[in-house]
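1. only the shape, not the letters, is given here:
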Ligand SMILES: [Zn+2]
């Protein structure tokens, strides 16, 4: 049953003459065994990884272990939920003015740049993929050129937006892997869309099934994995 799904997926990739994908992993802060496992996958399959790092929680040593095919994106500031009662989880509650939130984001950005150097791309990834349009619209004022949320997020002016499409974690079902059938069904659906398919992972919560799936995915022939630097400038060129 499972192999059949992979066969169908690989046949569809081949029928289309290949597929473009990209890989974002969120919530990196400290070097730990799960992160090491993630980085080992990226390096052994030579697949570029966009690592969304939480700037104010990041340890300097985190960056020592990163190979050249790892880009660093800014994942919010401290990943603390500031939502008011009744609001969905967010680092940027409606009660906080845009200017104040932007100031926090800029301060976190300078810390991340100091730690990560040239590896840190000017790309913002809001925690819980959630940022209100007025605040997102100000990101270019503090130097961001890119934004990455999840599929279906509103388009934001002034930044290149490259979203993810498939989150492999079922957050409301004990954070288990979403399952091979569901992940591949989503992938088949997005293949038809023609956009690079964004895979979203969270190394800290992966169960063994999630890890196994990821490894199998990275072995699929015909997928071209785009690095974040290429992808964000690629879309910039495409949209003129
Ligand atoms: Zn996060």
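-> Sure thing, it's come through. None of the values given here were measured: they were computed from a predicted structure. Residues are numbered from 1 along each chain as shown.
2. hey, let's count contacts and neighbours off CA atoms from now on
-> Will do.
3. is the ion within reach of stretch 171-178?
-> No. Shown here: stretch 171-178 not in contact with the ion (CA under 5 Å from the ion), separated by at least 11.9 Å.
4. check which residues of that stretch are buried.
-> 176-178 (16 or more other CA atoms under 10 Å).
5. low-scoring stretches of the chain, by residue?
-> 1-3, 234-240 (pLDDT under 70).
6. how about the residues of it by the ion?
-> 27, 127.
7. now find how far off-centre the biggest helix by length in the chain is within its chain.
-> When the chain is parsed with DSSP state H, its longest helix is helix 98-116. Put simply, helix 98-116 sits 19 Å off its chain's centre (CA atoms, centre = their mean, to the nearest Å).
8. quickly find the element holding residue 158.
-> Using DSSP states H and E, residue 158 falls within no helix or strand.
9. that one touches residue 145, doesn't it?
-> Yes. Contact criterion CA atoms under 8 Å: residue 158 and residue 145 qualify, at 7.4 Å.
10. the longest strand anywhere in the chain pairs with which strands, and in what direction?
-> Longest strand of the chain, by residue count under DSSP state E: strand 19-28. With DSSP bridges as the test, strand 19-28 is paired with strand 49-53 (parallel), strand 197-201 (parallel), strand 223-225 (parallel).
11. tell me which of the ones you listed sits most buried.
-> Mean neighbours per residue, mean count of other CA atoms under 10 Å, is largest over the strands paired with strand 19-28 for strand 49-53, with a mean of 26.
12. and the very next helix or strand once past it, what does it pack onto?
-> For strand 49-53, the following helix or strand on the C-terminal side (DSSP H and E) is strand 70-74. Strand 70-74 makes packing contacts with strand 49-53, helix 98-116, strand 120-124 when contacts are defined by 3 or more CA pairs under 8 Å, 6 or more residues apart in numbering; DSSP states H and E.
13. partner strands of strand 70-74, with direction?
-> When DSSP bridges is applied, strand 70-74 pairs with strand 49-53 (parallel), strand 120-124 (parallel).
14. against which helices or strands is the following helix or strand past the last one packed?
-> With elements assigned by DSSP H and E, the helix or strand that comes after strand 120-124 is helix 133-136. Applying 3+ CA pairs under 8 Å, 6+ apart, one finds that helix 133-136 makes contact with helix 98-116.
15. if we can go back for a sec, looking at the strands paired with strand 19-28, which is closest to residue 75?
-> Closest approach to residue 75 among the strands paired with strand 19-28 (CA to CA): strand 49-53, 5.1 Å.
16. give me the contacts around the closest one.
-> With contacts defined as CA atoms under 8 Å, 6 or more residues apart in numbering, strand 49-53 is touched by 22-29, 42, 69-75, 125, 227-228.
17. change it to 7 Å
-> 23-29, 42, 69-75, 125, 227-228 (CA atoms under 7 Å, 6 or more residues apart in numbering).
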